[in-house]
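Peer 1: Quick one, what's the 3D model for this:
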Amino acid sequence: LGAGAALAWVALEHGDPRVHVAAVDATGKRGPVVTLATAKGAASSVALAPVDDGLVAAWVDHRDGNGEVYAVHLTADLRRGVEE
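Peer 2: Residues are numbered from 1 along each chain as shown. Okay, here's the model as predicted:
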């Protein structure tokens with residue numbers, strides 16, 4: 001992310017909440033948006049944590065009726081890693 005930052009949020013798309021992440025540069029300009037959670041469900045409580053080689057994004061999803069935590073590793077350029 002260099003001198004910038006990353007933002008994460010949940011927004012409704014087609015009636016379902018989706019998790020989004022975007023980089024913001026040092027001037028405040030937002031880069032492309034990456035959509036992480038695309039399954040029908042109820043995503044909420046998204047958080048980001050820095051790691052040596054990028055970020056970890058995590059959120060709570062109630063798609064099967066009980067809240068479960070999902071997480072994905074993102075590289076510094078917000079390419080998706082492995083979801084656990």
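Peer 1: Pull up the gap between residue 48 and residue 64, please.
Peer 2: To residue 64, residue 48 is 24 Å away according to C-beta to C-beta, to the nearest Å. C-beta here means a position set from N, CA and C on the backbone, and glycine is covered the same way.
Peer 1: Same check on residue 9?
Peer 2: Counting by C-beta to C-beta, the gap from residue 9 to residue 64 is 23 Å.
Peer 1: neighbour count winner among the two?
Peer 2: residue 9 (12 against 9; other C-beta atoms under 10 Å).
Peer 1: right, and the helix or strand after the helix or strand that contains that one?
Peer 2: Per DSSP states H and E: residue 9 is located in strand 5-13. Moving toward the C-terminus from strand 5-13, the next helix or strand (DSSP H and E) is strand 16-24.
Peer 1: who does that following strand pair up with?
Peer 2: strand 5-13 (antiparallel), strand 30-37 (antiparallel) (DSSP bridges).
Peer 1: could I get the ones you listed as CSV with mean pLDDT?
Peer 2: As requested, the strands paired with strand 16-24 are exported to CSV (pLDDT from 0 to 100):
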stretch, mean pLDDT
strand 5-13, 89
strand 30-37, 86
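Peer 1: Select, out of these, the one closest to residue 52.
Peer 2: Residue 52 sits nearest to strand 5-13 of all the strands paired with strand 16-24, at 15.0 Å, using C-beta to C-beta.
Peer 1: Secondary structure element for residue 41, which one?
Peer 2: Here residue 41 is assigned to no helix or strand, by DSSP H and E.
Peer 1: now the nearest residue to it once chain neighbours are set aside: how far from residue 29?
Peer 2: Nearest residue to residue 41, sequence neighbours excluded (C-beta to C-beta, 6 or more residues apart in numbering): residue 63, at 2.9 Å. Look at residue 63 and residue 29: by C-beta to C-beta, they are 33 Å apart.
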